[in-house]
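Visitor: any chance you could fold what I've pasted below:
(one chain, ligands or ions: 2)
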Amino acid sequence: MTTYADPVPGGRAGDGEKAERLADDLAAAEVQGVVMSWVDTCGVNRVKTVPVSRLASAARWGVGMSPVFDLFLADDSIVTGELQGGPDGDLRLVPDLDQLVPLAGQPGWAWAPVDRMTQDGTMHGGCSRSVLRRLVAAAEEQGLAFKASIEIEFALGRGDVPWPAFEPACLGSAYGMTRLVEQTDFCADALEALSAQGVDVDQIHPEYAAGQYEVSVGALDPVGAADRSVLVRQTLRAVAQRHGLRISFAPSVVAGGVGNGGHLHVSAWRDGANLHSTGEGRYGMTDDGEAFAAGVLDALPALAAITTPSPASYLRLQPSHWAGIYACWGHETRESALRVVTGMVGNRERAANLEVKCADLAANPYLLIAGVLAAGLDGIGRALTLPEEITGDPAGLDPAEAEKRGVRLVPTSLPEAIETFAASPLPKAAYGDLVVDAVLAVRRGEAARCEGLDPDAVADAYRWVY
Ligand code: GLU
Ligand code: MG
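Guide: Numbers count the residues shown, from 1 in each chain. Ligands and ions are numbered 1, 2, ... in the order given. Take a look at the predicted model:
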């Protein structure tokens with residue numbers, strides 16, 4: 001279970017006592033420290049840690065961290081927004097004890113995602129996890145619930161080559177048995193560690209690009225799914241390091257090649273019924289299911305600064321790379337940014353969902369899911385309908401036909417994404433002023449940092465950040 005209550009000074013009801021019990025259990029299991037983790041605006045997982053003896057204090061009063069981390073770029077330089085930035089102020093990181101888990105890949109450590117609270121005991125407006133928590137809680141009051149999961153693609157590089165170079169740690173074919181054999185111990189240890197942490201893995205398999213693999217995991221509630229995306233990545237990183245490997249979740253590991261996606265699967269539910277499979281519409285969509293999908297489709301260009309936030313994201317977004325560069329929808333069409341997944345006959349009521357394919361793993365997963373849910377809810381609010389679906393690769397359509405069928409490209413550069421984000425009312429409504437201010441400042445900072453760099457230099461700069 002994920003905690004959906006706001007943190008309060010002195011701790012959420014019962015959390016202090018629960019943390020004391022947990023600390024005893026952790027100490028008995030030889031866990032020394034607890035990682036308190038959150039994701040910043042540019043998509044980096046930042047942490048503070050406490051010894052287990054301080055866990056109860058952290059649950060009651062939080063642990064201090066400066067708000068300026070919302071303005072960090074991927075190279076740790078700091079920018080200033082219109083509303084924030086600079087050395088002033090302090091926030092309290094409050095762990096979600098329900099998500100606390102001993103880290104199988106890092107013996108001696110446990111991990112918990114945090115919400116960030118002000119010293120006055122109110123939610124920090126820039127806390128992406130809290131933004132998502134509140135959005136989901138508000139939708140629940142309208143009778144809507146969601147499931148989500150983020151696919152995780154990554155490349156394994158040899159650990160013995162000079163940084164920041166990348167040499168794939170395997171040479172076997174895409175999806176090939178040879179490639180699985182080459183990293184058999186890593187893959188088995190990753191499965192073991194994830195299982196020990198209660199993560200139900202759907203699949204692990206060799207992917208297309210050099211050194212690339214993918215892990216997909218079961219769907220959870222939205223905040224739990226975002227937490228899980230963070231946890232799975234750091235677990236894979238820890239296991240990779242123990243095997244002498246370097247792991248990259250960067251959108252583009254090698255410029256010009258197929259990149260790492262972070263496809264988001266999401267479904268909306270009312271009264272226990274899946275809105276994407278229990279209706280009379282196309283592919284079993286209910287009216288609300290279609291409106292939700294149409295809202296997401298409509299907002300994809302505006303959300304590009306969230307779904308594809310890094311300069312390296314735009315090296316990955318290429319036609320015919322299955323990266324979802326076309327803002328259109330299709331049934332099981334892997335080139336469309338919005339893929340309607342129906343699943344197998346007999347299992348559709350449970351399995352049907354929407355896949356947002358353009359997203360990558362530089363995205364802050366809380367902002368990613370919050371943005372997509374807000375867009376879907378907006379679609380329901382406006383009773384939107386979907387245009388005609390696309391089949392095949394839209395790259396094959398001549399421009400006039402593409403225009404007639406409403407096929408647009410998602411933004412293909414970070415400056416274009418920033419402009420589209422800034423011009424849309426959706427981000428402010430979904431995230432609030434502080435998040436929007438931080439996103440604009442950070443994205444502009446990243447774009448300025450990369451101005452004039454060639455694609456190889458951009459790939460080098462972000463390869464080992466995510
Ligand atoms: N690697 C592709 C991407 O950049 C996705 C491939 C797939 O559909 O699994 O998103
Ligand atoms: Mg894949």
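
Visitor: now the strands for the stretch 1-150 of the chain?
Guide: Applying DSSP state E, counting those that start in this stretch to the stretch 1-150 of the chain gives strands spanning 33-39, 45-51, 63-65, 91-95, 101-102, 109-118, 144-150.

Visitor: whichever residue of the stretch 51-200 of the chain sits closest to ligand 1: how many residues sit nearby?
Guide: Of the residues in the stretch 51-200 of the chain, the one nearest ligand 1 is Glu153, at a distance of 5.3 Å by Cβ to the nearest ligand atom. Placement of C-beta: from N, CA and C, glycine included. By the criterion of other Cβ atoms under 10 Å, Glu153 has 24 neighbours.

Visitor: how far away is the closest residue to it other than its chain neighbours from ligand 1?
Guide: Spatially, and ignoring its direct neighbours in sequence, Glu153 is nearest to Asn260 (4.1 Å; Cβ to Cβ, 6 or more residues apart in numbering). Using Cβ to the nearest ligand atom, to the nearest Å, Asn260 is found at 6 Å from ligand 1.

Visitor: quick one: residues contacting Asn260.
Guide: 153-155, 209, 212, 248-253, 316, 360-361 (Cβ atoms under 8 Å, 6 or more residues apart in numbering).

Visitor: again, 7 Å this time
Guide: By Cβ atoms under 7 Å, 6 or more residues apart in numbering, the contact set of Asn260 is 153-155, 249-251, 253, 360-361.

Visitor: now, which of the residues you listed lie within strands?
Guide: Judged by DSSP state E, those include 153-155 as members of strands.

Visitor: so which of those residues comes closest to Asn274?
Guide: Glu153 (25.9 Å; Cβ to Cβ).

Visitor: any idea which helix or strand comes after the helix or strand of the chain with the lowest mean pLDDT?
Guide: The helix or strand of the chain with the poorest confidence is helix 399-404; it has a mean of 85 (mean pLDDT, DSSP states H and E). Remark: after helix 399-404, the chain's next helix or strand is strand 408-409, criterion DSSP states H and E.

Visitor: paired strands for that following strand, with orientation please.
Guide: strand 326-331 (antiparallel) (DSSP bridges).

Visitor: top of the contacts of Asn260 by neighbour count?
Guide: Pro251 (31 neighbours).

Visitor: and it, what pLDDT?
Guide: Per-residue pLDDT puts Pro251 at 98.

Visitor: and the protein, which residues reach ligand 1?
Guide: Contacts of the chain with ligand 1, taken as Cβ under 6 Å from any ligand atom, map to 153, 208, 258-259, 261, 316, 321-323, 334.

Visitor: just the buried residues of those.
Guide: The neighbour-count test (16 or more other Cβ atoms under 10 Å) applied to the residues of the chain next to ligand 1 identifies 153, 258-259, 261, 316, 321-323 as buried.

Visitor: surely Ser173 meets Leu180?
Guide: No - when contacts are counted by Cβ atoms under 7 Å, Ser173 is not listed as touching Leu180 (10.3 Å).

Visitor: spit out the contact partners of the residue of the stretch 51-200 of the chain closest to ligand 1.
Guide: If you count contacts by Cβ under 7 Å, 6+ apart, then Glu153 has 207, 212, 214, 260-261 around it.

Visitor: any idea which of the residues of the chain next to ligand 1 is closest to ligand 1?
Guide: Within the residues of the chain next to ligand 1, proximity to ligand 1 (Cβ to the nearest ligand atom) peaks at Gly261, which comes in at 2.3 Å.

Visitor: quick one, phi psi at the closest one?
Guide: phi -90, psi 170 (degrees, to the nearest 10).

Visitor: next: His124.
Guide: phi -70, psi 120.

Visitor: report pLDDT for the closest residue in space to it that isn't next to it in sequence.
Guide: Closest residue to His124 apart from its sequence neighbours, by Cβ to Cβ, 6+ apart: Arg116 at 4.3 Å. As predicted, Arg116 sits at a pLDDT of 98.

Visitor: for Arg116, give the beta-bridge partners.
Guide: Where Arg116 sits in a bridge, its partners, by DSSP bridges, are Leu93.

Visitor: how close does it sit to Glu401?
Guide: 48 Å (Cβ to Cβ, to the nearest Å).

Visitor: of those two, which one has the most company?
Guide: Arg116 (23 against 11).

Visitor: the more buried one touches Cys127, doesn't it?
Guide: Yes - with contacts counted by Cβ under 7 Å, Arg116 reaches Cys127, the gap being 3.9 Å.

Visitor: list of residues touching the helix or strand where Gly224 lies?
Guide: Under the criterion of DSSP H and E, Gly224 resides in helix 222-242. Residues from elsewhere that reach helix 222-242 (Cβ under 7 Å, 6+ apart): 2, 37, 39, 45, 99, 103-106, 111, 113, 129, 132-133, 136, 146, 148-150, 152, 154, 156, 186, 189-190, 193-194, 197, 199, 215, 217, 219-220, 246-247, 249, 365-366, 369, 373.

Visitor: now, of those, which are buried?
Guide: By 16+ other Cβ under 10 Å, these give 2, 37, 39, 45, 99, 103-106, 111, 113, 129, 132-133, 136, 146, 148-150, 152, 154, 156, 186, 189-190, 193-194, 197, 199, 215, 217, 219-220, 246-247, 249, 365-366, 369, 373 as buried.

Visitor: in strands, which of the contacts of Glu153 fall?
Guide: Those of the contacts of Glu153 mapping onto strands are 212, 214, per DSSP E.

Visitor: Trp163: neighbouring residues, count only.
Guide: 11.

Visitor: next, it: phi, psi?
Guide: Here is the backbone geometry of Trp163 (degrees, to the nearest 10): phi -70, psi 140.

Visitor: next, find the distance separating the nearest residue to it once chain neighbours are set aside from Glu20.
Guide: Computed as Cβ to Cβ, 6+ apart, the closest residue to Trp163 that is not its neighbour in sequence is Trp464, at 7.0 Å. To Glu20, Trp464 is 39 Å away according to Cβ to Cβ.

Visitor: these two: which is more packed in?
Guide: For Trp464 versus Glu20, neighbours defined as other Cβ under 10 Å are more numerous around Trp464 (16 against 13).

Visitor: Asn353 against Val266, yeah?
Guide: Yes - if you go by Cβ under 7 Å, Asn353 and Val266 touch, sitting 6.2 Å apart.

Visitor: which stretch of helix or strand covers Leu297?
Guide: helix 287-299.

Visitor: what separates whatever helix or strand comes next after that helix from the chain centre, distance-wise?
Guide: With elements assigned by DSSP H and E, the helix or strand that comes after helix 287-299 is helix 304-307. Distance of helix 304-307 from the chain centroid (Cα atoms, centre = their mean, to the nearest Å) equals 11 Å.

Visitor: same for helix 304-307, what does it pack against?
Guide: Helices and strands touching helix 304-307, by 3 or more Cβ pairs under 7 Å, 6 or more residues apart in numbering; DSSP states H and E, are helix 365-381, helix 414-423.

Visitor: who's more crowded, Ser173 and Leu180?
Guide: A direct count of neighbours by other Cβ under 10 Å for Ser173 and Leu180 places Leu180 higher, at 18 against 11.

Visitor: helix, strand or coil for the more buried one?
Guide: helix (DSSP: H, G, I helix; E, B strand; the rest coil).
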